[in-house]
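S.K.: Sequence plus the predicted model coming up.
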Amino acid sequence: MLNETFHAPGDLSQACSLISDLGEKAIIIAGGTDLMVRFNRHRVNRNVALVYVGKLGLNFIKEEQDHIVIGACANLADITASALVQKKIPLLARACSQMASPAIRNAATLGGNLGTNARNADGVAALMALGAVVVTASTGGEIRMPIEAFVTTPKKEKLANGGIVKQFEVPCLTADERWAWEKLRQRQGDSRSILSVSLRTKMAGNICKSMRLVLGSMAAHPFVSKTAAELLEGKYISSELIDQAAKEILSETDPGTDSRASAWYRAKAAQVLIRRVLSQLV
Amino acid sequence: MVLLEISVNGKGCRVLVDATTSLLTVLREQLHITGPKIGCETGDCGACSVLIDGKLRRACLTNAMSVNGSEITTVEGIGGSGGLHALQKSFYEHHASQCGYCTPGMIVASKALLDNNPTPTELEIKEALSGNLCRCASYVNIIKAVKSAALKTSNGGGEP
Ligand SMILES: Cc1cc2nc3c(=O)[nH]c(=O)nc-3n(C[C@H](O)[C@H](O)[C@H](O)COP(=O)(O)OP(=O)(O)OC[C@H]3O[C@@H](n4cnc5c(N)ncnc54)[C@H](O)[C@@H]3O)c2cc1C
Ligand code: FES
Ligand code: FES
């Protein structure tokens, strides 16, 4: 017999205490677009306590000093449509607009995208290229962590005491910064990434001042390429350097094979996408 | 089990559900509203499309309890007692259904589009229906039907 319970706390501290009290049984649910697939497949032997985070008021998108702060429960449709996001961190608007389909974007949240822990989480890749910080809340207080550290930190540490992802703090692009987002997918609408390449950079003419290049679906998590920064920062971006970067960045990757593409294809296609995003800079 | 209270096509419903149950299961198996179809239950096909408080959603990916207190519209609630909606007439006139399995989802997704954008371009129609699959490949006629319904409703010639 099922022994499931459902909780819809109305504020964050109540939610944190509840999750801490429920312990291992607690499962956070936001838009449900990832979690419900799993529930639909395994109909039996569930003994869980669902904690719905949609009523915590975490769907805000606001500007604070030189950051855009996005609540973990903001959905992808609202992020795509947000004038603030479009103006200050357009990379994220572009990435969200290309995720899933309109019906899913009306429900799916950015916090949920991080929660999936998926190698092809596009929201995570975009936030990482932008240099976002994740803020979590628990009965033990709040923790702030760069998103690239968050994805590699064991769950027990980053969500201690049953923490909740509360918000993302994303530095606004400055006038001298550029960005790019490229997602390879099987078809234009409603398709998960085969891989993505995104970047945030500062250029002075053809000289690269800073480079944050992120690959999605090319390792267990989206990651910031160290090779790209080492190779390109302080250099004149020539087509030869772009070719070299496209080859050398591959050494950091560990592409897998799945129903969408083989590892071999991903490695080939990644070089094309890296060349494409870097060529936009010159 | 937990108590779910929702309004479906204007009618209040109270039903006991398991906490992990989808809205699609509640609609079809407990409320016997079978317009929303089970295609994949993975969010890929759009056959289960419904409006939740006016927004297009996947019923299969919607945890039923997470929409407690909401207003749900299924294909049965579009047109309704006032006769067929302009979209439904247009699907019929343009032969936009073959087996018809995708049709409820296509109509609901098209309704969501026209509610927000009464005069969509062909590209906007394709984007709005990008999450709805038709295994009979009626796509060309579906797009024609939506275009024609948009023309009629925006000229004041169809039901709201
Ligand atoms: C057809 C289809 C297409 C898709 N296409 C894409 C795509 O193109 N790109 C992409 O990246 N993803 C895609 N997805 C995956 C999914 O929709 C996204 O990852 C989405 O952002 C998940 O958000 P959610 O709110 O629905 O998460 P949920 O399903 O509610 O939760 C997902 C996980 O996150 C945890 N979680 C949720 N919120 C929090 C929080 N605030 N704090 C801590 N943990 C939390 C949950 O416990 C769960 O483990 C697709 C899914 C489907 C079904
Ligand atoms: S049954 Fe819901 S999308 Fe296929
Ligand atoms: S008409 Fe048969 S699936 Fe669309």
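M.R.: Ah, there it is. What you see is a predicted model, and the numbers here were worked out from it, not measured in a lab. Ligands and ions are numbered 1, 2, ... in the order given.

S.K.: Show me the strands in the chain, by range?
M.R.: Looking at chain A here, since you left the chain open. Residue ranges of the strands in chain A, as given by DSSP state E, are A:5-7, A:26-29, A:49-52, A:61-64, A:67-71, A:133-138, A:141-146, A:164-171, A:177-185, A:193-204, A:207-216, A:223-224.

S.K.: The chain in question should be chain B.
M.R.: B:2-8, B:11-17, B:49-52, B:55-58, B:71-73.

S.K.: Count the neighbours of the closest residue to B:Ser148 other than its chain neighbours for me.
M.R.: Nearest residue to B:Ser148, sequence neighbours excluded (Cβ to Cβ, 6 or more residues apart in numbering or on different chains): B:Ser90, at 4.9 Å. For glycine as for every other residue, the C-beta is placed from the backbone atoms N, C-alpha and C. If you count neighbours by other Cβ atoms under 10 Å in any protein chain shown, B:Ser90 ends up with 26.

S.K.: Does B:Ser90 touch B:Lys152 like I think?
M.R.: Yes - the criterion here is Cβ atoms under 8 Å, and B:Ser90 meets it with B:Lys152 at 7.2 Å.

S.K.: Now do the shared contacts for these two.
M.R.: Counting by Cβ atoms under 8 Å, 6 or more residues apart in numbering or on different chains, B:Ser90 and B:Lys152 have no shared contacts at all.

S.K.: Can you get me a residue count around B:Glu127?
M.R.: For B:Glu127, the neighbour count with other Cβ under 10 Å is 18.

S.K.: Identify the residues contacting it.
M.R.: Shown in contact with B:Glu127 (Cβ under 8 Å, 6+ apart): A:Pro102, A:Gly189.

S.K.: coming back round to it: for ligand 1, which of the strands of chain B is the nearest?
M.R.: Proximity to ligand 1, assessed across those by Cβ to the nearest ligand atom, is greatest for strand B:55-58 (7.6 Å).

S.K.: For the closest one, enumerate the helices and strands it packs against.
M.R.: When contacts are defined as 3 or more Cβ pairs under 8 Å, 6 or more residues apart in numbering or on different chains; DSSP states H and E, strand B:55-58 packs onto helix A:102-105, strand B:49-52, helix B:103-116.

S.K.: Reformat these as JSON lines; add mean pLDDT and mean neighbour count.
M.R.: Shown next, in JSON lines, are those (pLDDT from 0 to 100; neighbours: other Cβ atoms under 10 Å in any protein chain shown):
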{"stretch": "helix A:102-105", "mean pLDDT": "97", "mean neighbour count": "27"}
{"stretch": "strand B:49-52", "mean pLDDT": "98", "mean neighbour count": "27"}
{"stretch": "helix B:103-116", "mean pLDDT": "98", "mean neighbour count": "24"}
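
S.K.: center of chain B, which residue is that?
M.R.: Nearest residue to the geometric centre of chain B (Cα atoms, centre = their mean): B:Val108, 2.5 Å.

S.K.: these two touch, right, it and B:Glu76?
M.R.: No - in this structure B:Val108 lies outside contact range of B:Glu76 using Cβ under 8 Å: 10.1 Å.

S.K.: Next one: the residue in chain A that ligand 3 sits nearest to from A:Ile274, what distance?
M.R.: The nearest approach of chain A to ligand 3 comes at A:Asp190, 15.7 Å away (Cβ to the nearest ligand atom). Separation of A:Asp190 from A:Ile274 (Cβ to Cβ, to the nearest Å) stands at 25 Å.

S.K.: List the contacts of A:Ala77.
M.R.: A:Pro102, A:Arg105, A:Asn106.

S.K.: roughly how far apart are it and ligand 1?
M.R.: Separation of A:Ala77 from ligand 1 (Cβ to the nearest ligand atom, to the nearest Å): 11 Å.

S.K.: With A:Val37 instead?
M.R.: 6 Å.

S.K.: Name the nearest residue to that residue, sequence neighbours excluded.
M.R.: B:Thr42 (5.0 Å).

S.K.: ok, now which ones touch that neighbour?
M.R.: B:Thr42 neighbours (Cβ under 8 Å, 6+ apart): A:Val37, A:Asn40, B:Cys60.

S.K.: Could you double-check that the last one lies in contact with B:Cys48?
M.R.: Think B:Cys60. Yes - with contact defined as Cβ under 8 Å, B:Cys60 counts as touching B:Cys48 (4.5 Å).

S.K.: Mutual contacts of the two, please.
M.R.: Here B:Cys60 and B:Cys48 share the contacting residues B:Leu24, B:Ile38, B:Glu41, scored by Cβ under 8 Å, 6+ apart.

S.K.: Between these, which sits nearest ligand 1?
M.R.: B:Glu41 (10.0 Å).

S.K.: Ligand 1 contacts on chain B?
M.R.: When proximity is defined by Cβ under 6 Å from any ligand atom, chain B lies next to ligand 1 at B:Thr42, B:Gly43, B:Asp44.

S.K.: B:Val2: which of those is nearest?
M.R.: Of all the residues of chain B next to ligand 1, B:Val2 sits closest to B:Gly43, with 23.3 Å by Cβ to Cβ.

S.K.: Quick one: residues in contact with the longest helix along chain B.
M.R.: Criterion DSSP state H: the longest helix present in chain B is helix B:139-154. Under the criterion Cβ under 8 Å, 6+ apart, residues B:86-87, B:89-91, B:93-96, B:106, B:110, B:113-114, B:118-120, B:122, B:125-126, B:129, B:134, B:158-160 lie in contact with helix B:139-154.

S.K.: got a list of what A:Val224 touches?
M.R.: Contacts of A:Val224 by Cβ under 8 Å, 6+ apart are A:Met128, A:Ala129, A:Glu148, A:Arg212, A:Leu213, A:Val214.

S.K.: Can you name the residues bridging to it?
M.R.: Taking DSSP bridges as the rule, A:Val224 bridges to A:Val214.

S.K.: And for A:Gly71?
M.R.: Bridge pairing for A:Gly71 - DSSP bridges - gives A:Gln167.

S.K.: distance of it from B:Gly131?
M.R.: A:Gly71 is 25 Å from B:Gly131, where distance means Cβ to Cβ.

S.K.: now A:Val53
M.R.: For A:Val53, the distance to B:Gly131 equals 24 Å [Cβ to Cβ].

S.K.: Having no further points to raise, I will conclude here.
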